[in-house]
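Visitor: turn this into a model:
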Amino acid sequence: MTALSPYLSFRRYFLKVCRFFNHRGTMGDSEKLMAAALNLADSAFDLAAKAWSGDLDVTYKPDGSSLTKADLTIEALWREKIRQQFPSHGILGEEYGSETGSSAFTWVLDPIDGTRQFGTGLLNFASLISLCRDGEPVLGIIDLPMPGARYVAAEGKGTMFAGRAVRSSACSDIAEAVISLANPDSFRGASSEGYDNLRSAGRVRVFDGGAAAYGALTRGLIDVCLNGDDLDAYDICALCPVVQEAGGVITDWNGQPLSLASSGAIIASASPALHPKVLDLLRLSG
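Guide: Have a look, this model is predicted:
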């Protein structure tokens, strides 16, 4: 970590997470998994920050999405670390695809989520790390290297931000909600009507916030996050524990749970009372 990093050293940060999760005594399997995930996040921090600050060389994939050397370098590093520590685990990453494992666990990785923003010198990009057990996301990290913000969550343990527990708001009235809407270009066909319905709702609307918006939801700053059809599992899985463990709800537009098999449009709400009201607005477009 650089001297300018607002993070604690890895060891101090991990011990803080263990205290937050009420861990005592010898490190168990869940703590080893969390330690590994935090180590992955730390290993990407400087690489992402230095790449962003340097001379960015942006190329484009066949689908038109942006690609930088940092995407490839970080994911390759992560994969090597996971293979060394957990050789039986599967891996799914945006840049290098899927490696099937022999255990119930699969790591789901997006080294630079928001490469479009990253490659244009904007700040709302993230590194996303998730661990799925039997396809269900049970650990998630949303890491924001440039502001030095990190959201960490594990199944049944709550969500942690800046060394403290965070909770989503109790908002239940969509008319009072702060709504984050993804890039309008990501809403295609029928989903564009759902986008328009939510764009006309709420008290305040913000746009194209990326993974950072889902983190802000866990702090009670945003009440609804909407994304369109262009998501894959590596965009989705890390968000799920972070939102759910803070008291929020995250599903597809039909209200179905998200998993390693998920892709496409998703919606997150700050409370169980708000979520069905948001889904009703989306279904008006059906």
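Visitor: quick one: contacts for the closest residue in space to residue 146 that isn't next to it in sequence?
Guide: Leaving out its chain neighbours, the residue that sits closest to residue 146 by Cβ to Cβ, 6 or more residues apart in numbering is residue 123, at 4.9 Å. C-betas here are computed from N, CA, C, even on glycine. Each residue near residue 123 by Cβ atoms under 8 Å, 6 or more residues apart in numbering is listed here: 117, 146-147.
Visitor: following the stretch of helix or strand residue 240 belongs to, which helix or strand comes up?
Guide: According to DSSP states H and E, residue 240 maps onto helix 239-245. Next along the chain after helix 239-245, taking DSSP H and E as the criterion, comes strand 249-252.
Visitor: the helix holding residue 240 - contacts with which helices or strands?
Guide: When contacts are defined as 3 or more Cβ pairs under 8 Å, 6 or more residues apart in numbering; DSSP states H and E, helix 239-245 packs onto strand 126-133, strand 136-144, strand 149-154, strand 158-161, helix 211-218, strand 249-252, strand 266-269.
Visitor: redo those as TSV? Include mean neighbour count, distance to residue 75 and mean pLDDT.
Guide: Conversion of those to TSV gives the following (neighbours: other Cβ atoms under 10 Å; distance: least, Cβ to Cβ, whole Å; pLDDT from 0 to 100):
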stretch	mean neighbour count	distance to residue 75	mean pLDDT
strand 126-133	26	10	97
strand 136-144	25	14	97
strand 149-154	26	19	95
strand 158-161	22	24	95
helix 211-218	27	16	98
strand 249-252	20	24	98
strand 266-269	26	22	98
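Visitor: quick one, which of the ones you listed is nearest to residue 78?
Guide: Closest of those to residue 78 is strand 126-133, at 7.7 Å (criterion: Cβ to Cβ).
Visitor: off-centre distance for the closest one?
Guide: Centroid separation for strand 126-133 versus its chain: 7 Å, with Cα atoms, centre = their mean, to the nearest Å.
Visitor: partners of it, with directions?
Guide: strand 105-113 (antiparallel), strand 136-144 (antiparallel) (DSSP bridges).
Visitor: strands of the stretch 51-200 of the chain, residue ranges please.
Guide: Under the criterion DSSP state E, counting those that start in this stretch, the stretch 51-200 of the chain contains strands at 59-60, 66-67, 90-93, 97-99, 105-113, 126-133, 136-144, 149-154, 158-161, 164-166, 178-181.
Visitor: so which of those strands comes closest to residue 235?
Guide: Using Cβ to Cβ, the nearest of those to residue 235 is strand 105-113, at 6.0 Å.
Visitor: would you indicate which residues of stretch 111-124 are buried?
Guide: 111-119, 124 (16 or more other Cβ atoms under 10 Å).
Visitor: quick check: mean pLDDT of it?
Guide: In this model, stretch 111-124 carries a mean pLDDT of 89.
Visitor: can I get that stretch in CSV, CA atoms only?
Guide: Extracted in CSV, the C-alpha atoms of stretch 111-124 (Å, rounded to 0.1, in the frame of the first residue of the first chain):
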residue,chain,number,x,y,z
PRO,A,111,-10.7,-6.3,-11.5
ILE,A,112,-12.0,-3.0,-12.8
ASP,A,113,-15.7,-2.6,-12.7
GLY,A,114,-16.5,0.5,-14.6
THR,A,115,-13.6,0.4,-17.1
ARG,A,116,-15.4,2.9,-19.2
GLN,A,117,-15.1,5.5,-16.4
PHE,A,118,-11.7,4.3,-15.4
GLY,A,119,-10.4,4.7,-18.9
THR,A,120,-11.7,8.2,-19.2
GLY,A,121,-10.1,9.4,-15.9
LEU,A,122,-13.3,9.3,-13.8
LEU,A,123,-13.4,8.1,-10.2
ASN,A,124,-16.5,5.8,-10.1
